[in-house]
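S.K.: sequence isn't available, so here's the structure alone:
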């Protein structure tokens, strides 16, 4: 189905830092993001016709935490607002749909999380299967280690392959990284994204509005998200069928040789899984931003990947881009967005 041209026109995020003094409602992190976008686009808060947020009450440790976050927007005059208990990337998808239906021309999606407020590894246990996995209380990095070991044993990747990604992200030589101790065998420190606190916001608009506000809109040419079973025993953990299906749908028959790809991977080996599932050629620049491996900002990491991919086009550094977002344990849910400086390809869903 061909959809009307819709483009991402603005992106802002707070610093991805290991610990902030702000509250878990994200207000302190969000206000600077919004102010930056208003200033860059030359708009006012009241110009935004639809708002959608992504966050987690479990992570915040309070009920309806997203309601408190609205303090960063202001509820008067009344706003048109929605929320998803997911990464902000899924909030942006809802905003995209809102524009596609013709209801609004300008929308803003944001995501926020304070992962360092508690034990994020244990909190994330709550999203695993409540009968067979959650009672064992596996921490997130232990599950990641099981997946990494499965790929090594199957010959899909090696520890050197993982260290190559770690060196690109954190610096240092591959040999140096491989000489370090394991954190959760076969994962070393460079294989695991550190948890960080952050918020991010993305502005999306109809073609008419986008061309009024920016010179190089990042047009959405494809968007899809899929989910795999939560039953780890029923999955080949070295593959990501949901990423492949989402990528096939988003790309259609267009070339996979995009200029840049932003991949939401919390572990080095997961970048390999996603890259393989998407069939990206070696020419693609992967995670020039550092990716979420540099900082796992829960509930905004995926939205940041979309924002960074769009920024490459908005700034004129790329003509085509891809963004990947993930949610759930071990790449359970995956989203793929394709972007272009041109709007003549038509968006597919």
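M.R.: In hand now; what should we look at? Since the model is a prediction, treat every value here as computed from it, not as a measurement. Numbers count the residues shown, from 1 in each chain.
S.K.: got the end-to-end distance for stretch 104-119?
M.R.: Distance across stretch 104-119, first residue to last, is 39 Å (C-alpha to C-alpha, to the nearest Å).
S.K.: count residues in the vicinity of residue 278, would you?
M.R.: Neighbour count of residue 278, defined by other C-beta atoms under 10 Å: 24. Any C-beta I mention is one placed from the backbone N, CA and C, and that applies to glycine too.
S.K.: measure the closest residue to it other than its chain neighbours to residue 30 for me?
M.R.: Spatial nearest neighbour of residue 278, chain neighbours left out: residue 247 (4.4 Å); criterion: C-beta to C-beta, 6 or more residues apart in numbering. Distance, residue 247 to residue 30, using C-beta to C-beta, to the nearest Å: 31 Å.
S.K.: please apply the same query to residue 317.
M.R.: To residue 30, residue 317 is 27 Å away according to C-beta to C-beta.
S.K.: the more surrounded of those two?
M.R.: In this view residue 317 and residue 30 are compared by other C-beta under 10 Å, and residue 30 has more residues nearby, 26 against 14.
S.K.: wait, the residue nearest to residue 278 sits on residue 335?
M.R.: No: if you go by C-beta atoms under 8 Å, residue 247 and residue 335 don't touch, sitting 10.0 Å apart.
S.K.: shared neighbours, those two?
M.R.: residue 224 (C-beta atoms under 8 Å, 6 or more residues apart in numbering).
S.K.: more neighbours: the two, which one.
M.R.: Counted by other C-beta under 10 Å, residue 247 and residue 335 do not tie: residue 335 has more neighbours, with 29 against 25.
S.K.: quick one: least confident helix or strand in the chain?
M.R.: Lowest on mean pLDDT, DSSP states H and E among the helices and strands of the chain sits strand 347-348, with a mean of 53.
S.K.: can you map out the helices along the stretch 151-300 of the chain?
M.R.: 159-170, 174-178, 207-213, 241-251, 268-278 (DSSP state H, counting those that start in this stretch).
S.K.: so what does the second one touch, helix or strand wise?
M.R.: What it means is helix 174-178. With contacts taken as 3 or more C-beta pairs under 8 Å, 6 or more residues apart in numbering; DSSP states H and E, helix 174-178 sits against helix 159-170.
S.K.: the third one too?
M.R.: Counting contacts by 3+ C-beta pairs under 8 Å, 6+ apart, the secondary-structure elements packed against helix 207-213 are strand 6-13.
S.K.: buried residues, the following helix or strand past the strand it packs on. List them.
M.R.: Next helix or strand after strand 6-13 toward the C-terminus (DSSP states H and E): helix 27-41. For helix 27-41, the neighbour count (16 or more other C-beta atoms under 10 Å) marks 27, 28, 29, 30, 32, 33, 34, 36, 37, 38, 40, 41 as buried.
S.K.: neighbouring contacts of helix 27-41?
M.R.: Outside helix 27-41, the residues within contact range by C-beta under 8 Å, 6+ apart are 9-14, 20, 22, 43-45, 68-69, 71-73, 108, 110, 112, 197-201, 203, 213-214.
S.K.: 6 Å instead, please
M.R.: Contacts of helix 27-41 with the rest of the structure, by C-beta atoms under 6 Å, 6 or more residues apart in numbering, involve 10, 12, 14, 22, 71, 72, 112, 199, 201, 203, 213.
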